[in-house]
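Visitor: need a 3D model of the sequence below.
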Amino acid sequence: MKNNDECSSLNHNSDIPLYHQLAEQLENSISSGLYREREKIPSENDLCEMFGVSRITVRQALKLLEQRELIYSVHGKGNFVKFPIISQQLFKITNFSKVLKEQGLHGRTTVHAYHDNSIPDAQIEKIMKPQQFGALSRLELIGFAQNIPIVYYNSLIRSEIGDDMHQYALELMNKGAPFSTYDTLQKAGIRVGQISQTISACNAGPTIGAILKVPQKTALIMLKTIIFDINKVPIEYKTGYYLGDKFSFELKREI
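Guide: Now for the predicted structure:
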């Protein structure tokens, strides 16, 4: 059981029902990472003792959390933290920080690697045209939610802005902020003109499995993004590998 000092007392004189207050307390503990994915939360008896409330109040609070898809119950074992599915829209670009905030999640991004001169494969070379528009650098980022690695970004970017983007990424990482290369493009002063995206499914191989800390053959969502500047010059080719059980992507189509 977690330290009771981590919990705030409930206000028995408030107009807000006690079970709502308790649900909010537990939701905050989950979103802050105090209780992590698949971790058992305190039992009903423990919660009654910790917060000085009745079993009925506890059960009402747990029902609210279950309705919000924050916990799930296992018969005879108790209640466990459920990682919410992160829904991300494809019809507009939303930075990683905002995506997490909309889900009530805490996150951060780390710089996995940076190479100031990277040679693309033949397919990417046709798209990025380094001989025409200049050399490419590679910036690799890992996005975390609730201290769990959930996405790996592998980006090829124009070397002329690569060092600046890498420096911005390090600054944001040192602040403990969640971000993607889109944030660093903005900080580098790049005006985006067009974005092309392709989504597909894949399984984690040994390299990506090690980065995301999942077994090989774990289901992933692969999102390839090509970003062009206002002059239609391709400035970034990014492949994002998202944990398939953590993400869903939404695309609205009109008839």
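
Visitor: return the set of buried residues in stretch 81-95.
Guide: For stretch 81-95, the buried set under the neighbour-count rule, 16 or more other CB atoms under 10 Å, comprises V81, K82, F83, P84, I86, Q88. Just so you know, the C-beta spots here come from the backbone N, C-alpha and C atoms, and that holds for glycine as well.

Visitor: stretch 103-116 now?
Guide: By 16+ other CB under 10 Å, the buried positions in stretch 103-116 come out as Q103, L105, G107, R108, T109, Y114.

Visitor: and the contacts of it?
Guide: When contacts are defined by CB atoms under 8 Å, 6 or more residues apart in numbering, stretch 103-116 is touched by residues 27, 31-33, 84, 86-87, 96-97, 100, 137-146, 152, 159, 162-163, 166, 169-170, 172-173, 176-180, 211.

Visitor: recalculate using a threshold of 6 Å.
Guide: Among residues not part of stretch 103-116, those counted as contacts by CB atoms under 6 Å, 6 or more residues apart in numbering are 31, 84, 86, 100, 137-145, 166, 169-170, 173, 176, 178-179.

Visitor: let me know the pLDDT of G162.
Guide: What the model reports for G162 is a pLDDT of 93.

Visitor: neighbours of the closest residue in space to it that isn't next to it in sequence, how many?
Guide: Spatial nearest neighbour of G162, chain neighbours left out: S137 (3.1 Å); criterion: CB to CB, 6 or more residues apart in numbering. If you count neighbours by other CB atoms under 10 Å, S137 ends up with 20.

Visitor: show me what S137 is bridged to.
Guide: Partner residues in beta bridges with S137, using DSSP bridges, are I157.

Visitor: my guess is it contacts I161. True?
Guide: No: no contact is recorded between S137 and I161 when judged using CB atoms under 6 Å, the distance being 8.4 Å.

Visitor: name every strand pairing with the helix or strand of the chain with the lowest mean pLDDT and say which way it goes.
Guide: Lowest on mean pLDDT, DSSP states H and E among the helices and strands of the chain sits strand 86-89, with a mean of 73. Taking DSSP bridges as the criterion, strand 86-89 pairs within the sheet with strand 247-250 (parallel).

Visitor: what residues sit buried inside the partner strand?
Guide: Along strand 247-250, these residues count as buried under the neighbour rule (16+ other CB under 10 Å): F247.

Visitor: quick one: mean pLDDT for that strand?
Guide: Strand 247-250 shows an average pLDDT of 77 in the prediction.

Visitor: distance of F249 from G209?
Guide: Distance, F249 to G209, by CB to CB, to the nearest Å: 21 Å.

Visitor: chain center to stretch 93-105: distance?
Guide: Distance of stretch 93-105 from its chain centroid, counting by CA atoms, centre = their mean, to the nearest Å, is 7 Å.

Visitor: swap that for stretch 100-111, please
Guide: Between the centre of stretch 100-111 and the centre of its host chain there is 5 Å, according to CA atoms, centre = their mean.

Visitor: now do the end-to-end distance for that stretch.
Guide: Start-to-end span of stretch 100-111 (CA to CA, to the nearest Å) is 18 Å.

Visitor: sorry, back to before: show the buried residues in the contacts of stretch 103-116.
Guide: For the contacts of stretch 103-116, burial is judged from neighbour counts taken by 16+ other CB under 10 Å, and it is met by 31, 84, 86, 100, 137-145, 166, 169, 173, 178-179.

Visitor: so which of those sit within strands?
Guide: Cross-referencing the buried ones among the contacts of stretch 103-116 with the strands (criterion: DSSP state E) gives I86, S137, R138, L139, E140, L141, I142, G143, F144, A145 as the overlap.

Visitor: just give the number of residues close to the nearest residue to the third one once chain neighbours are set aside.
Guide: So the one you mean is R138. Across the structure, with CB to CB, 6+ apart as the measure, the residue nearest R138 apart from its sequence neighbours is S118 (3.8 Å). If you count neighbours by other CB under 10 Å, S118 ends up with 18.
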